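Predicted model and sequence below, questions to follow.
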Amino acid sequence: MSQLPQRIWSDEDWKQIQRGYASRDMDEKWDVFTEGEVVFLHRSWTGNGTFAATFAPVDGGGWRIDGAVVERDTERYRGTDDAYDCVMLELVISAIVLGESATDLRSKLVELTRRKSGADAPAGLIQHSALGLRSDS
């Protein structure tokens, strides 16, 4: 990926990210798991891998994404926009894995989607279509 999230996740965040996230119903769209320092984000319905992000420790504490790849086979993933992919990668980790509200990232996702499509779809529809929900249990 040419654009990477600039966030530095805390050591506690990293521990939770390493535990991953498994979808529990049809409204949840992401499964996330970690092998070593690589976090894999797969679509839950198809099992298709969409992102793989390599995390690295930061001097002084915390973790950041050091590199990432995104699926570019249009039969598996229709994304072609680097800025959208950067937001989506960070949003899945923040909102789905960590359970954060991620309001700013959600707004960016809506803005980028509307700009790309030229349509003024409701924000909730855009978010649910791309991100889905997260179970709190």
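Nice, thanks for sending it over. These numbers were taken from a predicted model, which means no experiment stands behind them.

does I96 count as helix, strand or coil?
Following DSSP: H, G, I helix; E, B strand; the rest coil, I96 is assigned to helix.

So which bits of stretch 112-125 are buried?
Buried residues in stretch 112-125, counted by 16 or more other Cβ atoms under 10 Å: 112-113. C-beta coordinates here come from the backbone N, C-alpha and C atoms, glycine included.

Quick check: end-to-end length of it?
14 Å (Cα to Cα, to the nearest Å).

For the protein, list the residue farthest from the centre, please.
Distance from the centre of the chain peaks at G60, with 25.1 Å (Cα atoms, centre = their mean).

so how far is the helix ranked longest in the chain off the chain centroid?
Determined from DSSP state H, the single longest helix within the chain is helix 103-117. What separates the centre of helix 103-117 from the centre of its chain is 13 Å, taken as Cα atoms, centre = their mean, to the nearest Å.

helix or strand right after that helix?
Next along the chain after helix 103-117, taking DSSP states H and E as the criterion, comes helix 123-130.

Residues contacting that next one, please?
27, 29, 88, 106-107, 109-110, 113-114 (Cβ atoms under 8 Å, 6 or more residues apart in numbering).

Which of those ranks first by neighbour count?
With neighbours defined as other Cβ atoms under 10 Å, the most crowded of the contacts of helix 123-130 is M88; it has 25 neighbours.

Surely that residue forms part of a helix?
Yes - counting by three-state DSSP, M88 falls inside a helix.

which residues touch F51?
39-41, 68-71, 85, 88-89, 92.

what's the spacing between the residue lying closest to V97 once chain neighbours are set aside and R134?
Once flanking residues are discounted, V97 sits nearest to Y21: 4.7 Å by Cβ to Cβ, 6 or more residues apart in numbering. Taking Cβ to Cβ, to the nearest Å as the measure, Y21 falls 8 Å from R134.
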